[in-house]
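> Output the structure for:
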Amino acid sequence: MCEDNRIKIPEELGQVVEDSLRKVKKIHRRKVFCKVCLTAGACAAAITLLLVWGFKNPVMASKLPAIGHLFSQIEKDVSYKGNFSSKANILLPEDKGSRTDSPYIQESNGITISVTETYCNNLAVYLAVEIYNEEAFPDDFMATKYDENYIDGYDVLRMDSIDTFSFDSPKSSYEPFQIQGNYKDAHTFIGIIRAETGAANFRREQDTEVPETFQYELNISSLSGYIYSGWVEDTYIDPVTGEEGICRHLDGQESKVYKGNWNFKFDLKIDPAQIQTVTLNDVNDKGVGIKEVVKTPFEITATYVHPEGTKAYDYALVICDANGDFLDFQGENTRNTYQTYERNTDTVSIFLFENEQFWSGLVQYYWAEDYETKRKTKTFAEYLEEHALYSTHVDFTDK
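Numbering: from 1, shown residues only. Sure, this is the predicted structure:
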């Protein structure tokens, strides 16, 4: 009769969602217009930087993290926010001499990756990492410092990786592909890796409950970023006003890749605190509806159903907070998992739409420059209620 939404979506759709979320940030949150670009080079330019820079007399960082508390330094500066530091499992003690043989510190080809802390709930695994490079990272990697047009508050290191969950049977692999964080200096990057605990369900045709304890393996084979050759200009059409503008961006990107072999194993325990699950099993006469809603202190997601013969990725799951405003995705490349950190989600509104219906049309209401004025008479949630294929409201205060 139906399929649930926990399947791996096509790459091109993931890009559409990622691009759309970037537009939300650019247009609504920070009111930046001259960064909506139409070419592949222009899209990549959203995470690029000025070509020429230099550290003056850089201090060589230690190969080992100075402390085991990296979450607290960066947990509010990434796209998957949360006060993980208050709940973290510390892997590396502050005394460097007592951890030289730690399995959580691994060196390969001049790069040392140290995993200092972990945190996990039944939706995601979070790893705090420090990466020390014996040679300086390329200037172009450090967008937050050197790209005046860069709108995100964090830098990104891409990685080729494979991860596995011990409860995944038969075993298969997923790929967390980025680390978000910032550079302490030219040699040292600190960041957070987010891997969806529920992503193990992408590899099977049924839901499997995440156990209270399990082993998680992460194997990283390369780290990389972009090098750019110069500036170019493109025209673009603003998606809200329809006006034409000029977008200046760095072009000629090439990947700078650091290959190696970093293999980690973690014994993890789910944090049960404030995990709230609401079972609805509600389907309307259109054949769409919500099975279950799961909320943690940092994220919220829902499992939805849809008619036989359609695919989960044909639909957009949209969640608004108690104020009727669109929640941010918990991570730039996360589908259907939304951020609750520092948002009022005591009650939420949940909607289902066809993807094109939402991303090509209805979301414009929220993107509009005058949304703050319009919301005084009709919030985004109230507007969506008028057009949704399915809608429901969940109150967590009595759960």
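> Any idea how many residues pack against the nearest residue to Glu342 once chain neighbours are set aside?
Take Glu342 and drop its neighbours on the chain: the residue closest to it by C-beta to C-beta, 6 or more residues apart in numbering is Lys81, 7.4 Å away. Every residue, glycine included, has its C-beta placed from N, CA and C. For Lys81, the neighbour count with other C-beta atoms under 10 Å is 21.
> and if you look at Thr279?
A total of 11 residues lie near Thr279 under the criterion other C-beta under 10 Å.
> Quick check: chain neighbours aside, which residue is closest to it?
Glu292 (5.1 Å).
> So for that neighbour, what's the pLDDT?
Looking at Glu292, its pLDDT is 92.
> give me every residue that touches it.
Residues near Glu292 by C-beta atoms under 8 Å, 6 or more residues apart in numbering: Thr277, Val278, Thr279, Leu280, Asn281, Ala302, Thr303.
> cool, and Val115?
So Val115 contacts Leu91, Leu92, Tyr104, Ile105, Leu127, Ala128, Val129, Phe264, Phe266 (C-beta under 8 Å, 6+ apart).
> And the pLDDT at it?
Looking at Val115, its pLDDT reads 96.
> pull the CA atoms of the helix or strand encompassing it into CSV?
The secondary structure element spanning Val115 is strand 111-120 (assigned by DSSP states H and E). The C-alpha trace of strand 111-120 is given here as CSV (Å, rounded to 0.1, in the frame of the first residue of the first chain):
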residue,chain,number,x,y,z
ILE,A,111,47.3,14.1,8.3
THR,A,112,46.2,13.3,11.9
ILE,A,113,42.5,12.9,12.6
SER,A,114,41.5,13.0,16.2
VAL,A,115,37.9,12.2,17.3
THR,A,116,37.6,13.9,20.7
GLU,A,117,33.9,13.4,21.6
THR,A,118,30.8,11.6,20.5
TYR,A,119,27.1,12.1,20.9
CYS,A,120,24.2,10.2,19.5
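> What strand or helix carries the residue nearest to Thr279?
For Glu292, the host element (DSSP H and E) is strand 289-295.
> average pLDDT for the next helix or strand after that strand?
Following strand 289-295 in sequence order, the next helix or strand is strand 299-305 (DSSP H and E). For strand 299-305, the mean pLDDT works out to 91.
> Show the pLDDT at Arg22.
pLDDT at Arg22 comes out at 46.
> swap that for Asp285, sorry
pLDDT at Asp285 comes out at 95.
> Over to Asp152?
Reported pLDDT at Asp152 in the predicted model: 82.
> if I read this right, it contacts Asn182, doesn't it?
No: using C-beta atoms under 8 Å as the test, Asp152 is too far from Asn182 to be in contact (10.5 Å).
> What ranges does the stretch 201-350 of the chain have for its strands?
Chain-ordered strands for the stretch 201-350 of the chain, with DSSP state E, counting those that start in this stretch as the definition, fall at 213-227, 230-237, 244-251, 254-269, 276-283, 289-295, 299-305, 315-320, 337-339, 347-354.
> want to try CSV for those strands, with distance to Tyr383 as columns?
Formatted as CSV, the strands of the stretch 201-350 of the chain follow (distance: least, C-beta to C-beta, whole Å):
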stretch, distance to Tyr383
strand 213-227, 38
strand 230-237, 24
strand 244-251, 27
strand 254-269, 40
strand 276-283, 22
strand 289-295, 20
strand 299-305, 20
strand 315-320, 10
strand 337-339, 18
strand 347-354, 10
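> do you know which of those strands lies nearest Asp395?
Checking the strands of the stretch 201-350 of the chain against Asp395 by C-beta to C-beta gives strand 347-354 as the closest, at 4.8 Å.
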